[in-house]
Each structure stands twice: as structure tokens, then as C-alpha cells.
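Chemist: Below is the sequence, then the predicted model.
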Amino acid sequence: MRRWILCSMLALGACKPATPAAPRPAANAPLATDDERTLYALGLVMGQRMDDFNLTPAELAVVQRGIADKVTGARPQVELNQWGPRINTMAQARQGRRSEQEKVRGRAFADTAAHETGAERLPSGLVFRTLREGNGPTPTAANTVRVHYRGTLIDGTEFDSSYTRGEPVEFPLSGVVPCWTEGVQRIRVGGKARLVCPSDIAYGDRGQRGIPPGATLNFEVELISIVGPGDGGAPAAPAMPTPPTPPPAH
């Protein structure tokens, strides 16, 4: 069963079950059963775990060969005890290169944003621009606030949004990424602003699910109200892009 799951999931043309099994569906065939949908989800999870490698199509084919040899019982082409320990080293090196590439693109994006009318670049690197003036007070870092927000990557991909979920969120300003702690304090209640957050005041070189390492982030934040003083507790647990918590502390 394990052999068939991995072969079907990755659509490996060279992968043949060691024991007779029903023919596999075509690689691009619609997912017809709940089992197929579950197996496809398993493939997505495996793919997420390989994000750090930033594989090319040719490299993905090599990975597929390794899986195929393992699940079919073929003789491995390398000694796992020798080469397995190098996996983390490769992941870290490639993650570092990817992070640097993201930072270069992010700097260009932030430079463009900083030249927009009404935009201000702060010493931290945050680019702040008011989208709608509020008429209430501004919060302090000790306050808990209620906001609506939308977060996107510099290519416009949305990774989190309280608007999409249909309800605003509340959080202590001391418990979010530094970009938010600084930026939301500049918004008056009833106002809305754009925050362009370089990675070093957002998620840094580690990234988050749906957020590449080194990524510059673009937020639209609407301050609905100041709920009260902060609770003095620990920062919100990392949860983006899943609801309902706001960006966690760096």
C-alpha cells in the first residue's frame, strides 16, 4: 500500500509497483474519489516540505527517481547514510540564496512604494502611507487593537486577509511583527494605511507558510478601534496565513 500511495501521488512514470496493482489514472486526470483527493493532499504536503530546495524540473525528476527506487525496492544509487546528512546543508544553503534574491526584489518594491505620493520611509525601513484619514486617537504599543487587514507578497499574491475571513481581529500591538507594532501606532481609529514591511521587520530569513524567506510584505490595515490596554502576555502564536490571528512577533 505504501508503495502505491507514493507512486500514484507523484505520478512517477518510471515507478512500477513491486506487486500487481490496478492501473493508475493519467497524471492530469480529475481526482475522482476521496482517496485520490487525500493522496493528492499528501503530495501537496510533501511539496511544501521541499520548498526550501527551490527545485528545478530536472532536480524534481531526480527526487522522483529516489522515491521510485525506494518504494519499488530498487537498488539505491547512493548510500543514504553518507548522503542523507547533506540534505539539511543543501536546504539551508538554498534557503539563504532564495532569501537574498527576495531581499533584492523587496528593496526595489519598497523603493517604488516610498516614492508614491504621501508615502514616508521610516528609519526602520517601513514604508508608511495613509490611505484614509481616521478621526480617532492613535494606539500605543501597550494597547490591544481591532483591525481589518490584507497581506500580499510583492507580486500581489494574497497570503492572509481578515476581509476574506469576514471578520476583524484583535491583538496586542506588543505581540505582532515589528513592522505592525510601529506602523499601526501611526493610524488613527477609523483610518486605513499601507505598510510595506522589509523582511528584517517582518519574518526575516525564516519566512512563514506562504511567505518566502527574506520576503518584503505589503499590508493594508484598517484600524477599527482601540480595545484596551495590552494584556502583557506572550506574543500571538505564529498562525499566518491561517485564521484568525494577526501577524506574529518576529
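Modeler: Received, thanks. Numbering: from 1, shown residues only.
Chemist: got any ranges where this structure has weak pLDDT?
Modeler: 1-27, 230-250 (pLDDT under 70).
Chemist: now the strands: where do they sit in the protein?
Modeler: Ranges of strands within the chain are 119-121, 127-132, 143-153, 158-161, 169-172, 192-197, 217-229, based on DSSP state E.
Chemist: what angle separates the last one from strand 127-132?
Modeler: Interaxial angle of strand 217-229 relative to strand 127-132 (axes from the mean of the first three to the mean of the last three C-alpha atoms, to 10 degrees): 70 degrees.
Chemist: partner strands of strand 217-229, parallel or antiparallel?
Modeler: strand 143-153 (antiparallel), strand 192-197 (antiparallel) (DSSP bridges).
Chemist: What lies in contact with the last one?
Modeler: Strand 192-197 has contacts (C-beta atoms under 8 Å, 6 or more residues apart in numbering) with 109-110, 113-114, 119, 126-132, 134, 177, 179-180, 183, 186-187, 216-223. C-beta: built from backbone N, CA, C; applies to glycine.
Chemist: From the chain's centre, how far out is that strand? Work that out for me.
Modeler: Relative to the chain's own centre, strand 192-197 is displaced by 18 Å; criterion: C-alpha atoms, centre = their mean, to the nearest Å.
Chemist: quick one: buried residues of that strand?
Modeler: Neighbour counts using 16 or more other C-beta atoms under 10 Å place 192-197 of strand 192-197 among the buried residues.
Chemist: same thing with stretch 29-47?
Modeler: Residues of stretch 29-47 classed as buried by neighbour count (16+ other C-beta under 10 Å): Leu39.
Chemist: gap between the residue most central in space within the chain and Thr152?
Modeler: Nearest to the geometric centre of the chain sits Gly210, at 2.0 Å (C-alpha atoms, centre = their mean). According to C-beta to C-beta, to the nearest Å, Gly210 stands 11 Å off from Thr152.
Chemist: Now for these two: what residues contact both?
Modeler: By C-beta under 8 Å, 6+ apart, the residues touching both Gly210 and Thr152 are Phe159.
Chemist: Count the residues that sit near Gly191.
Modeler: 19 (other C-beta atoms under 10 Å).
Chemist: Now do the same contact list for Ile220.
Modeler: For the record, residue 220 is Glu, not Ile. 131, 149-150, 192-195.
Chemist: let's see it at 7 Å
Modeler: Glu220 sits next to 131, 149-150, 192, 194 when contact means C-beta atoms under 7 Å, 6 or more residues apart in numbering.
Chemist: same thing with Phe53?
Modeler: Taking C-beta under 7 Å, 6+ apart as the test, what Phe53 contacts is 90-91, 94.
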